[in-house]
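Asker: Quick one, what's the 3D model for this:
(chains A and B)
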Amino acid sequence: MEQTGKIIYLDNAATTPVSGPVLDAMLPYFSQHYGNPSSVYGIARQSKEALDAARTQVAAALNCLPEEVFFTGCGSESDNWAVKGIAHKLAAQGKRHLITTSIEHHAILHSMAELEKEGFEVTYLPVDADGLVSPDQVRAAIRPDTALVSVMYANNEIGTVEPVAEIGAVCREAGVLFHTDAVQAAGTLKINVQAQKIDALSLSAHKFNGPKGVGALYLKKGLRLPNLIDGGGQENGRRAGTENVAGIVGLGKALELANAQLAEKAVHLEKLRDYVIRTVRQSIPNVKLNGHPTRRLPGNVNLSFEGIEGEGMLLLLDMKGVCASSGSACTSGSLDPSHVLLAIGLPHEIAHGSLRLTFGPQNTMEDAQAACSALQEIIPRLRAMSPVWDKIEKGEAKPLLG
Amino acid sequence: MQYSAKVMDHFSNPRNVGEIADADGVGEVGNPTCGDIMKMYLKIDGGRITDVKFKTFGCGAAIATSSIATEMIKGKSVDEALQLSNKAVIEALDGLPPVKVHCSVLAEQAVKAALSDYYRRQGVDPEPIVGKLVEDCHACEAAGCGAPQ
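Answerer: Below you'll find the predicted structure:
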């Protein structure tokens, strides 16, 4: 739907705009410093140095060594490489059991499903109503043949932040490798792979105002996985292919900038997040906040509205210039709503009525206010044509959300 | 996924939203589990549909297909309304994305459910006239009329 006027972009968990300083850092690497980092002459050395600098920036942000950082094409690639690589490596030692959660991103869940087809056994830990998995659940699920525990750092839909350090400690004690999909956390939360006892971690540049098409995988020193791409010696020979130099420069710069301002960013995002949650709850009846009330990403709002379906909300919001997302079936391309919303125990009809608004550093309080005003108009409009809401209003059906 | 201008028009300015208190036939199809419910009300006078209203819980396509279906049967005879097909609904909307085809089936079924209720109220068994209804989205999907990706 075409719409004119200001765009209010509130889907920063999907992707973010590349920031000015990041773009400036990247631009010289397209047509000025275009040398192949594997070559020996001057302009190639500039490219090689830029890769090294970016690796150092990532290492500083994660508190690891530069040689423990591998650049990839995206967060999904990092997830696939970590999960399948560790599974295949440890299968040789007879370890064919993997542990993950029921709310992971599909990059993890579908990788696990592929491994199941190969004969691996996977335990999918359930989460509580707020989306949390406990270290005790992980401890209880670990077996002598467990190769890997993969638990996401923070959930992309409901924003719940998992107890990563505690799970890392459980895994280290049991001698089991621990991977975390930190795609939503990197550049937003303070990560320390040493203190949190993380053996492998995935991140993606475009989630923290870097470019699309570039990610990274941290692999603890000594954890040598099967090569992802065979070919040249790039990425220590494990992921061949000429590097996306400009993208990698952008990733390094974006992560460095984000990490330098974590506290300010969190204060700003939490102010917008809490304003929307408070305002919507005060002005619209039969609404529920999905995800943990406090252990949540600073920019994540996920609400379910009773009696309506998510896609209608998105279309009407779009007409007002507000970009958002939903976990409804109609937006997932199937008849089932989001697996995350079902995993936290929402009935299908409530999951269908979910709306996710995710703020970024570029958003303002005016954006948050505009989103609330739009919802105050849209929700009653959709409810007025809903037979489900009709029954609740007439007292013929009990509301699920009080 | 892109909706046609016609779908967006019917979604954002739906025709005939509401209910008819003294309806001669009321039909409801779909279920909240799969995310689409359509409820259709018919006022029928001398075998002709004189008024029609709907309420729909569902996506943009579900609302648009309900809206256009009401326009397509308003003023028509019961026999003509029985001929309304999901294909005609799709054509009238200048097409639907493949994953939304099931919404057009639901609109056709909502009309048929309301007509069945009308026949029942007349003491006539609707099944030989209207046929068996597909009232569930998963049944519709299994029948291959939806095309989820």
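
Asker: Nearest to the middle of chain A, which residue? Look it up for me.
Answerer: A:Gln184 (3.1 Å; Cα atoms, centre = their mean).

Asker: need the contact list for that one.
Answerer: A:13, A:152-156, A:159, A:207, A:297 (Cβ atoms under 8 Å, 6 or more residues apart in numbering or on different chains). (Glycine included, C-beta is placed from N, CA and C.)

Asker: and the gap between it and chain B?
Answerer: Look at A:Gln184 and chain B: by Cβ to the nearest Cβ, to the nearest Å, they are 24 Å apart.

Asker: so can I have TSV of the contacts of A:Gln184 showing distance to chain B, neighbour count and secondary structure?
Answerer: Compiled in TSV, these are given as follows (distance: Cβ to the nearest Cβ, whole Å; neighbours: other Cβ atoms under 10 Å in any protein chain shown; DSSP: H, G, I helix; E, B strand; the rest coil):
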residue	distance to chain B	neighbour count	secondary structure
A:Ala13	20	25	coil
A:Met152	25	27	coil
A:Tyr153	29	23	coil
A:Ala154	27	28	strand
A:Asn155	22	31	coil
A:Asn156	20	23	coil
A:Gly159	23	25	coil
A:Lys207	23	27	helix
A:Leu297	26	29	coil
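
Asker: What count of nearby residues applies to A:Glu173?
Answerer: 11 (other Cβ atoms under 10 Å in any protein chain shown).

Asker: Just the C-alpha atoms of the helix or strand harbouring it, please, in PDB.
Answerer: Secondary structure assigned from DSSP states H and E places A:Glu173 in helix A:164-174. The C-alpha trace of helix A:164-174 is given here as PDB (Å, rounded to 0.1, in the frame of the first residue of the first chain):
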ATOM      1  CA  VAL A 164      23.000 -16.900  29.400                       C
ATOM      2  CA  ALA A 165      25.800 -16.600  32.000                       C
ATOM      3  CA  GLU A 166      24.100 -19.100  34.300                       C
ATOM      4  CA  ILE A 167      23.500 -21.500  31.400                       C
ATOM      5  CA  GLY A 168      27.100 -21.100  30.300                       C
ATOM      6  CA  ALA A 169      28.200 -22.000  33.800                       C
ATOM      7  CA  VAL A 170      26.100 -25.200  33.800                       C
ATOM      8  CA  CYS A 171      27.500 -26.200  30.400                       C
ATOM      9  CA  ARG A 172      31.100 -25.500  31.300                       C
ATOM     10  CA  GLU A 173      30.700 -27.500  34.500                       C
ATOM     11  CA  ALA A 174      29.300 -30.400  32.500                       C
END
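
Asker: List the buried residues in it.
Answerer: Going by neighbour count (16 or more other Cβ atoms under 10 Å in any protein chain shown), the buried part of helix A:164-174 is A:164, A:166-171.

Asker: Direction included, what does the helix or strand just after it pair against?
Answerer: For helix A:164-174, the following helix or strand on the C-terminal side (DSSP H and E) is strand A:177-181. Within its sheet, and counting by DSSP bridges, strand A:177-181 is paired with strand A:146-150 (parallel), strand A:200-204 (parallel).

Asker: re earlier: would you mind putting the contacts of A:Gln184 into CSV with pLDDT alongside?
Answerer: What follows is the contacts of A:Gln184, written out as CSV (pLDDT from 0 to 100):
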residue, pLDDT
A:Ala13, 97
A:Met152, 98
A:Tyr153, 98
A:Ala154, 98
A:Asn155, 98
A:Asn156, 97
A:Gly159, 98
A:Lys207, 98
A:Leu297, 98
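
Asker: residue contacts, the residue minimising distance to the centre of chain B?
Answerer: Geometric centre of chain B, nearest residue: B:Ala107, 2.3 Å, by Cα atoms, centre = their mean. Listed by Cβ under 8 Å, 6+ apart, the contact set of B:Ala107 reads B:38, B:62, B:65-66, B:68-69, B:86, B:89.

Asker: Of those, which belong to helices?
Answerer: The helices, defined by DSSP state H, take in B:62, B:65-66, B:68-69, B:86, B:89 from the contacts of B:Ala107.

Asker: and the residue in the stretch 101-250 of chain A positioned nearest to chain B, how many residues sit next to it?
Answerer: At 13.5 Å from chain B, A:His106 is the closest residue in the stretch 101-250 of chain A, using Cβ to the nearest Cβ. Per other Cβ under 10 Å, the neighbour tally for A:His106 reads 12.

Asker: For stretch A:216-229, list the C-alpha coordinates in CSV.
Answerer: Provided in CSV are the C-alpha atoms of stretch A:216-229 (Å, rounded to 0.1, in the frame of the first residue of the first chain):
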residue,chain,number,x,y,z
ALA,A,216,30.1,-13.2,12.5
LEU,A,217,30.6,-16.3,14.4
TYR,A,218,32.7,-16.4,17.6
LEU,A,219,34.3,-19.8,18.1
LYS,A,220,36.3,-20.4,21.3
LYS,A,221,40.0,-21.0,20.6
GLY,A,222,40.6,-24.7,20.0
LEU,A,223,37.1,-25.4,18.8
ARG,A,224,37.9,-26.2,15.2
LEU,A,225,34.8,-26.9,13.2
PRO,A,226,34.6,-28.5,9.8
ASN,A,227,35.1,-25.9,7.0
LEU,A,228,31.9,-24.2,6.0
ILE,A,229,33.2,-23.4,2.4
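
Asker: what comes into contact with it?
Answerer: A:58, A:62, A:64-65, A:67-72, A:77-78, A:81-82, A:85-86, A:88-89, A:177, A:193, A:198-205, A:237-241, A:251.

Asker: coming back round to it: save the ones in helices among the contacts of B:Ala107 as CSV, and put in neighbour count and pLDDT too.
Answerer: As requested, the ones in helices among the contacts of B:Ala107 are exported to CSV (neighbours: other Cβ atoms under 10 Å in any protein chain shown; pLDDT from 0 to 100):
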residue, neighbour count, pLDDT
B:Ala62, 29, 96
B:Thr65, 35, 97
B:Ser66, 32, 98
B:Ile68, 25, 98
B:Ala69, 31, 98
B:Asn86, 21, 96
B:Val89, 24, 97
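
Asker: Right, I'll call it a day here.
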